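Colleague: Below is the structure, and that's it, no one-letter string:
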């Protein structure tokens, strides 16, 4: 699965300065883990500390939210600065399902941070219970129950304010999470474990064989044999499962309290072994 990110970056040098439009970039990243790295760069035409004899650079790397200890909703924002300064960072992210229909999914307002020279990071905890922090419960629950972010388009705004100079630097990042469950998804793992052949152990228990041992059944047949087991596992995760067929494919859609959480898709006539 491939994710495309479109970056629109702007810089506000001071209150009366003209907005300088920088490069719009398309990045293509492979989905290999729960967190996907969005990379963007801001080239500031004046220093963050207020000096005007040379130009500093400030590069930002935004990581998608992930689960930390106790399944808290966390996000790391990595940066590289040519100078140190005290600043305030605010992050706001909206989820778009279709058209202009949007939902605020997480927000942090006015987190103070000392930005060190060279490479470092800002860590944001969206699970804090205070007036400056917000997380949308369904968004957080889908991440906890599936191991992945809810599909859709996300627009994240980052506003950085230099406390000393009062200058503000803003970033707007737009990215899309694909509807198909990624390889590391807990729900996909549930389905894969259901279709693997099981062998009895000496003490009467059972264990799953490796994926390579799955027989070359047609996908439709293989999934039908374990449909109840797959459904039971979805219920155990608090997810609603909807199965349907279209154009020779089988789709299993997952929802959490009406929010689309991801899709499992296979070609029914092809071997399931090659599609897990």
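Modeller: In hand now; what should we look at? Since the model is a prediction, treat every value here as computed from it, not as a measurement.
Colleague: what's the closest residue to residue 97 other than its chain neighbours in contact with, if anything?
Modeller: Once flanking residues are discounted, residue 97 sits nearest to residue 152: 5.3 Å by C-beta to C-beta, 6 or more residues apart in numbering. Every residue, glycine included, has its C-beta placed from N, CA and C. By C-beta atoms under 8 Å, 6 or more residues apart in numbering, residue 152 lies in contact with 95, 96, 97, 176, 177, 260.
Colleague: Which of those residues scores worst on pLDDT?
Modeller: Lowest in pLDDT among those is residue 97, which has 76.
Colleague: on contacts alone, who are the packing partners of the helix or strand harbouring it?
Modeller: Assigned by DSSP states H and E, residue 97 belongs to strand 85-98. Contacts defined by 3 or more C-beta pairs under 8 Å, 6 or more residues apart in numbering; DSSP states H and E place strand 85-98 against strand 73-81, strand 101-115, strand 118-125, strand 152-162.
Colleague: Pipe these into CSV and attach distance to residue 141 and mean pLDDT per row.
Modeller: What follows is those, written out as CSV (distance: least, C-beta to C-beta, whole Å; pLDDT from 0 to 100):
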stretch, distance to residue 141, mean pLDDT
strand 73-81, 10, 94
strand 101-115, 12, 95
strand 118-125, 17, 94
strand 152-162, 15, 93
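Colleague: so where do the strands sit in the stretch 101-250 of the chain?
Modeller: Ranges of strands within the stretch 101-250 of the chain are 101-115, 118-125, 133-135, 152-162, 168-177, 198-200, 206-208, 240-246, 249-256, based on DSSP state E, counting those that start in this stretch.
Colleague: Those into a markdown table, with extra columns for distance to residue 66?
Modeller: Below are the strands of the stretch 101-250 of the chain laid out as a markdown table (distance: least, C-beta to C-beta, whole Å):
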| stretch | distance to residue 66 |
| --- | --- |
| strand 101-115 | 12 |
| strand 118-125 | 11 |
| strand 133-135 | 13 |
| strand 152-162 | 14 |
| strand 168-177 | 13 |
| strand 198-200 | 32 |
| strand 206-208 | 27 |
| strand 240-246 | 24 |
| strand 249-256 | 18 |
